[in-house]
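Participant: Predicted model and sequence follow; I will ask about them next.
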Amino acid sequence: MASLYSCFVGGSLAVLLQFLFVSASTKSINAICQGVTDKAFCVNTLTAYPPAASATSTFQAAKAALSLSISYAGKSSSFAANAANQNPNMKKQFAACKDAYATIIASIKSSAAELKESPDTANYDVMVCRDSSTIVKNLIKKNVDKDSKMLIKMTLMMEKLLAIAVGATVAVGG
């Protein structure tokens, strides 16, 4: 009987801890997504991203959101660099896009470093990334080649991730 009792109590504790864990990450994700225009995209994205989904605090979830943005910007920068090499006629345009993405990466990294001590500054660092995404769109928006079209799609996704990153800095206090 004692082992059945301890199994029940232990099992209940495990379920309770799992519930509290999920509840903490859900609260953090909701705090980040609260002011984001596309809240469903925000919640779905962060819930599917293990570092955000397993966060035990809003600060951890915010850091995860910034990390996700850095990662995506890096992939976009690499894509632009490859497009510059493969399209000699548009090399300058794609190289400028790569540089704009490098600026985005630097700004988000700066934001992540400042998040704890100065959430307002972290927020500003993410907000200025929109200038760089606008540069990318202006450089290639009239192009009809497949690489330009793909980079435009990637830039629109980047803007959605930047909105999440802004929400992350706001949730922490920015």
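Facilitator: Yes, it's here. Just so you know, these numbers come straight off a predicted model, no measurement behind them.

Participant: how about low-confidence regions in this protein?
Facilitator: Applying pLDDT under 70 to the chain flags the ranges 1-24, 174.

Participant: can you tell me how far Cys33 sits from Ile164?
Facilitator: Look at Cys33 and Ile164: by CB to CB, to the nearest Å, they are 7 Å apart. C-betas here are computed from N, CA, C, even on glycine.

Participant: who touches both of the two?
Facilitator: With contacts taken as CB atoms under 8 Å, 6 or more residues apart in numbering, Cys33 and Ile164 have Cys42, Leu46 as neighbours in common.

Participant: Next, the contact list for Lys98, please.
Facilitator: Residues near Lys98 by CB under 8 Å, 6+ apart: Ser77, Ala80, Ala81, Ala84.

Participant: how about the residues you listed in TSV, adding distance to Lys98 and neighbour count?
Facilitator: TSV is the format used below for those (distance: CB to CB, whole Å; neighbours: other CB atoms under 10 Å):
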residue	distance to Lys98	neighbour count
Ser77	5	20
Ala80	4	28
Ala81	5	17
Ala84	6	19
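
Participant: Which two of these have the greatest separation?
Facilitator: Pairwise distances across the contacts of Lys98 peak at 10.6 Å for Ser77 and Ala84 (criterion: CB to CB).

Participant: surely Gly35 meets Val170?
Facilitator: Yes: if you go by CB atoms under 8 Å, Gly35 and Val170 touch, sitting 5.9 Å apart.

Participant: Now Pro72: closest residue in space that isn't a chain neighbour?
Facilitator: If you look again at residue 72, you'll see it is Tyr, not Pro. With CB to CB, 6 or more residues apart in numbering as the criterion, Tyr72 has its nearest non-adjacent residue at 5.4 Å, and that residue is Leu161.
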